[in-house]
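>>> model this:
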Amino acid sequence: MRYVVLDTETTGLEVRQGHRIIEIGCIEVNGRQVTDHHFHQYVNPEREVDEGAFQVHGISDDMLADKPKFKQIAKDFLDFVQGSTLIIHNASFDIGFLDGELNRLNLGRMADYVDGVIDSLGMAREMFPGKRNNLDALCDRLGVNNAHRQLHGALLDSQILAEVYLAMTRGQDSLVIDLNAQHDDDGVERIKLSALSLPEPEPTEEELALHQAYLADIEKAAKGPSVWSKISQATDMQAV
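Got it, this is the predicted structure:
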């Protein structure tokens, strides 16, 4: 499956207030490898950048004055993401702005061009509940180097997010899952435990002696037989 890690920078926070996209950065991830294939474009938003937004990304009106408008780069952008699954941190924000740009050009919505969207922020909140899960915090937690990130930038943030996403999903592509998984009609991947061959190590005599001594201490403190002893006796009786 082809993934595209995507980030945008905008003139402000609210698309409903007429704010626009000023930068798009996309990084391709294929086979859990970040490739050299990427898309990056600054965009003339045809309006001023809010001061608050400028403090975040450092992109000024003067920097955007000679850049192409979204309608001029829309085809190249859509060709790049076509058929991919997008990975976006706080996906509702970026998708909302992209849908707004496409709607102005009567080009539909992002859902018409991609197979799906993975919100890495939602993933992080499930993995690390109650903790800060912005990109910088995840880099610190997962050991991803972000020392070169002084300001927000769409391409740089996409590169960092690609590494963060791979770190968060490390181990999910094991051969055991690939070879023994089955997909039911609901699309959920399930593993057939009967297909797995798990080792059943036998305890050594020393381990058994230590176990019996541990049970004896428990029963002495409880002044009665332990649950483990009762289960073992019942099992022995059934085997006779």
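>>> Poorly predicted segments of this protein, please.
Counting by pLDDT under 70, the ranges of the chain that qualify are 147-152, 171-204, 206-207, 211, 214-215, 217, 221-224, 226-240.
>>> how about Ile118, secondary structure?
strand (DSSP: H, G, I helix; E, B strand; the rest coil).
>>> Show me what it bridges to in the sheet.
For Ile118, the beta-bridge partners are Ile87 (DSSP bridges).
>>> Now for it: which residues touch it?
Ile118 is in contact with 3, 85-88, 91, 165, counting by Cβ atoms under 8 Å, 6 or more residues apart in numbering. To be clear about C-beta, it is placed using only N, CA and C from the backbone, and glycine gets the same treatment.
>>> Of these, select the buried ones using a PyMOL command.
Those of the contacts of Ile118 that count as buried under 16 or more other Cβ atoms under 10 Å are selected in PyMOL with:
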select buried, resi 3+86+87+88+91+165
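>>> what's the closest of the contacts of Ile118 to Ser60?
Here the nearest of the contacts of Ile118 to Ser60, counting by Cβ to Cβ, is Ile88; it sits at 25.0 Å.
>>> Wait, that closest one touches Asp119, no?
Yes. Counting by Cβ atoms under 8 Å, Ile88 touches Asp119, with 6.3 Å between them.
>>> buried sites along stretch 37-51?
38-39, 41-45, 49-50.
>>> Over to stretch 96-114?
For stretch 96-114, a neighbour-count test (16+ other Cβ under 10 Å) marks 97-102, 107, 110, 113-114 as buried.
>>> Please enumerate residues in contact with it?
For stretch 96-114, the external contacting residues (Cβ under 8 Å, 6+ apart) are 4, 8, 10, 15, 19-21, 70-71, 74, 78, 81-86, 95, 117.
>>> Please state the offset of stretch 31-44 from the chain centre?
Stretch 31-44 sits 17 Å away from the centroid of its parent chain (Cα atoms, centre = their mean, to the nearest Å).
>>> Contacts for it next, please.
20-29, 59, 63-70, 73, 76-77, 80-81, 154-155, 158-159, 162-163, 166, 173.
>>> Narrow the residues you listed to those that are buried.
Those of the contacts of stretch 31-44 that meet the buried threshold are 20-29, 59, 64, 67, 70, 73, 77, 80-81, 154-155, 158-159, 162-163, 166, by 16+ other Cβ under 10 Å.
>>> Filter these down to the ones in helices?
64, 70, 73, 77, 80-81, 154-155, 158-159, 162-163, 166 (DSSP state H).
>>> can you list those residues in JSON lines and add distance to Glu205?
As requested, these are exported to JSON lines (distance: Cβ to Cβ, whole Å):
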{"residue": "Leu64", "distance to Glu205": "77"}
{"residue": "Phe70", "distance to Glu205": "75"}
{"residue": "Ile73", "distance to Glu205": "73"}
{"residue": "Phe77", "distance to Glu205": "69"}
{"residue": "Phe80", "distance to Glu205": "65"}
{"residue": "Val81", "distance to Glu205": "63"}
{"residue": "Ala154", "distance to Glu205": "64"}
{"residue": "Leu155", "distance to Glu205": "63"}
{"residue": "Ser158", "distance to Glu205": "58"}
{"residue": "Gln159", "distance to Glu205": "56"}
{"residue": "Ala162", "distance to Glu205": "52"}
{"residue": "Glu163", "distance to Glu205": "49"}
{"residue": "Leu166", "distance to Glu205": "46"}
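>>> Between these, which sits nearest Asn146?
Distance to Asn146, by Cβ to Cβ, is smallest for Glu163 among these, at 8.8 Å.
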